[in-house]
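Enquirer: Turn this into a model:
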Amino acid sequence: MLLYLVVIGLVLVALAFDFINGFHDAANSIATVVSTRVLTPVVAVAWAAFFNFVAALPVLWGAQLKVANTMGKGIIDFEMLRSLGNTFVLTVIFAALMGAIVWNLLTWWWGLPSSSSHALAGGMIGAALPALGSEGLIAAGILKIALFIVLSPVIGMVLGSGMMVATTWMVHRNTPARVDRWFRRLQLLSAAVFSYSHGTNDAQKVMGIIGVVLYGTIWAGRPFHIPFWVVLICHLAIGLGTFFGGWRIVKTMGHSLTKLQPIGGFCAETGGGVTILALAAAGIPVSTTHTITGAIVGVGATKGTRAVRWGVAGRIIWAWVLTIPMSALVAAFVYGVTRLATELLS
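Expert: From the prediction side, this is the model:
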């Protein structure tokens with residue numbers, strides 16, 4: 001009975017991280033559509049939260065949860081962890097979640113759009129190292145995630161700037177007022193695409209973590225699989241987090257980095273959303289924050305390098321660099337304290 005209560009408690013902690021993920025990343029989904037004044041902040045977060053949630057529906061039609069499987073079995077050796085017993089599984093996952101939560105809250109407070117994906121990956125690495133040693137880490141999965149710290153913003157930048165150049169050329173014969181009117185409407189679609197991609201990618205991370213908790217303890221005899229009820233509650237949690245929003249980061253993403261018009265907002269959101277959906281289909285837990293930041297910078301750079309505030313971009317990059325090591329350090333510390341407390345109480 002106690003084991004079931006602890007498992008339920010840890011699932012709730014995972015959902016709390018999912019909520020904070022949505023809260024922290026709300027700016028990614030709404031900053032462009034708010035900064036271009038297409039939607040008010042309240043309507044924008046409701047729009048984004050709705051598409052975060054409906055991203056769960058393709059699973060009913062057979063869509064694969066590749067990101068969830070990567071997070072659950074592609075960073076740490078799941079079978080090795082499970083072989084150590086319930087206490088180790090629960091302690092490692094608790095420490096990993098706390099490492100990610102602490103770093104997310106700190107960067108939210110500082111107004112920096114850091115990556116929840118990489119915070120969780122760092123937390124898992126930091127918690128697994130003292131428990132399993134380096135042999136418990138899956139190098140290929142970690143290298144893939146690390147590689148896309150660089151590649152995802154670059155891809156977003158290329159797609160964002162490419163779309164901006166192509167779209168500007170297509171509408172250059174129209175009056176600015178007419179172009180603005182068109183793209184104010186189209187930005188509703190691009191914001192929906194980006195929010196949908198955010199739900200598709202980010203909710204799956206927590207599904208993978210909950211899968212480790214369930215199949216590493218009370219369902220240890222069953223093959224690893226993400227039940228649909230887990231899919232639903234994860235999308236609901238991230239959607240609610242997005243609805244309540246991370247307002248501190250909206251200013252950085254929507255105003256401080258570069259000044260956007262509706263046509264630029266459309267290109268940034270579409271370029272970022274397409275990038276995230278493509279990488280999620282490949283099972284790569286990419287950072288939505290990195291991707292949309294790259295897309296915004298790419299759009300701004302089409303107006304010249306002075307259109308982008310590179311000092312702000314530099315602060316964001318430092319947050320990216322520090323995310324995995326700092327969340328790993330917090331997770332390792334929490335793991336040590338939790339193991340010590342467990343031994344003293346046993």
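Enquirer: which SS class is residue 114?
Expert: State at residue 114, reduced to three classes by DSSP: H, G, I helix; E, B strand; the rest coil: coil.
Enquirer: what's the distance between it and residue 25?
Expert: Counting by Cβ to Cβ, to the nearest Å, the gap from residue 114 to residue 25 is 10 Å. No exception for glycine: its C-beta is placed from N, CA and C like everyone else's.
Enquirer: so residue 86 touches residue 3, yeah?
Expert: Yes. Applying Cβ atoms under 8 Å as the test, residue 86 and residue 3 come out as touching, 6.1 Å apart.
Enquirer: coming back round to it: what do residue 114 and residue 25 both touch?
Expert: When contacts are counted by Cβ atoms under 8 Å, 6 or more residues apart in numbering, residue 114 and residue 25 have residue 289 as shared neighbours.
Enquirer: Tell me which of those two has more neighbours.
Expert: A direct count of neighbours by other Cβ atoms under 10 Å for residue 114 and residue 25 places residue 25 higher, at 33 against 28.
Enquirer: and that one, that one's in a helix?
Expert: Yes. Under three-state DSSP, residue 25 sits within a helix.
Enquirer: which is the next helix or strand following the helix-or-strand element of the chain with minimal mean pLDDT?
Expert: Sorted by mean pLDDT, DSSP states H and E, the helices and strands of the chain end with helix 247-251, the least confident at a mean of 52. Beyond helix 247-251 in the direction of the C-terminus, DSSP states H and E gives the next helix or strand as helix 262-281.
Enquirer: Check which element follows that next one along the chain.
Expert: Using DSSP H and E, the first helix or strand after helix 262-281 is helix 288-301.
Enquirer: And that next one, what's buried?
Expert: For helix 288-301, a neighbour-count test (16 or more other Cβ atoms under 10 Å) marks 288-301 as buried.
Enquirer: Name the next helix or strand following that helix along the chain.
Expert: Heading C-terminal from helix 288-301, the first helix or strand you meet, by DSSP H and E, is helix 310-345.
Enquirer: Tell me what angle that following helix forms with helix 288-301.
Expert: Using axes from the mean of the first three to the mean of the last three Cα atoms, to 10 degrees, the direction of helix 310-345 lies 180 degrees away from that of helix 288-301.
Enquirer: so what does helix 310-345 touch, helix or strand wise?
Expert: Where contact means 3 or more Cβ pairs under 8 Å, 6 or more residues apart in numbering; DSSP states H and E, helix 310-345 is packed against helix 86-110, helix 116-132, helix 139-171, helix 288-301.
Enquirer: among these, which is the most enclosed?
Expert: Counting by mean count of other Cβ atoms under 10 Å, helix 288-301 has the highest mean neighbour count of the helices and strands packed on helix 310-345, with a mean of 29.
Enquirer: Let me know the average pLDDT across that one.
Expert: Within the predicted structure, the mean pLDDT of helix 288-301 is 82.
Enquirer: Any idea how far it is from the middle of the chain?
Expert: Shown here is helix 288-301, whose average C-alpha point lies 15 Å from the average C-alpha point of the whole chain (Cα atoms, centre = their mean, to the nearest Å).
Enquirer: Alpha carbons only: can I get it in PDB?
Expert: Provided in PDB are the C-alpha atoms of helix 288-301 (Å, rounded to 0.1, in the frame of the first residue of the first chain):
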ATOM      1  CA  THR A 288      10.800  24.400 -28.000                       C
ATOM      2  CA  THR A 289      12.500  27.400 -26.300                       C
ATOM      3  CA  HIS A 290      15.700  27.100 -28.400                       C
ATOM      4  CA  THR A 291      13.800  26.500 -31.600                       C
ATOM      5  CA  ILE A 292      11.400  29.500 -31.400                       C
ATOM      6  CA  THR A 293      14.300  31.800 -30.200                       C
ATOM      7  CA  GLY A 294      16.300  30.800 -33.200                       C
ATOM      8  CA  ALA A 295      13.300  31.400 -35.500                       C
ATOM      9  CA  ILE A 296      12.700  34.900 -34.000                       C
ATOM     10  CA  VAL A 297      16.300  35.800 -34.400                       C
ATOM     11  CA  GLY A 298      16.300  34.500 -38.000                       C
ATOM     12  CA  VAL A 299      13.200  36.700 -38.800                       C
ATOM     13  CA  GLY A 300      14.800  39.700 -37.100                       C
ATOM     14  CA  ALA A 301      18.100  39.200 -38.900                       C
END
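Enquirer: Give the residues shared as contacts by residue 86 and residue 3.
Expert: Between them, residue 86 and residue 3 have residue 217 as joint contacts when contacts are counted by Cβ under 8 Å, 6+ apart.
Enquirer: tell me the contacts of the nearest residue to residue 54 once chain neighbours are set aside?
Expert: Nearest-residue entry for residue 54: residue 196, 7.0 Å, with adjacent residues in sequence omitted and distances by Cβ to Cβ, 6 or more residues apart in numbering. Remark: with contacts taken as Cβ under 8 Å, 6+ apart, residue 196 is in contact with 51, 52, 54, 55, 273, 277.
Enquirer: Mind checking which of these are buried?
Expert: Buried, going by 16+ other Cβ under 10 Å: 51, 52, 55, 273, 277, out of those.
Enquirer: hmm, which two among those are most spread apart?
Expert: Using Cβ to Cβ, the buried ones among the contacts of residue 196 reach their maximum pairwise distance at 52 and 277, which is 13.6 Å.
Enquirer: hmm, back to that, going by distance to residue 341, which of the buried ones among the contacts of residue 196 wins?
Expert: Using Cβ to Cβ, residue 52 is the member of the buried ones among the contacts of residue 196 that lies nearest residue 341, at 35.6 Å.
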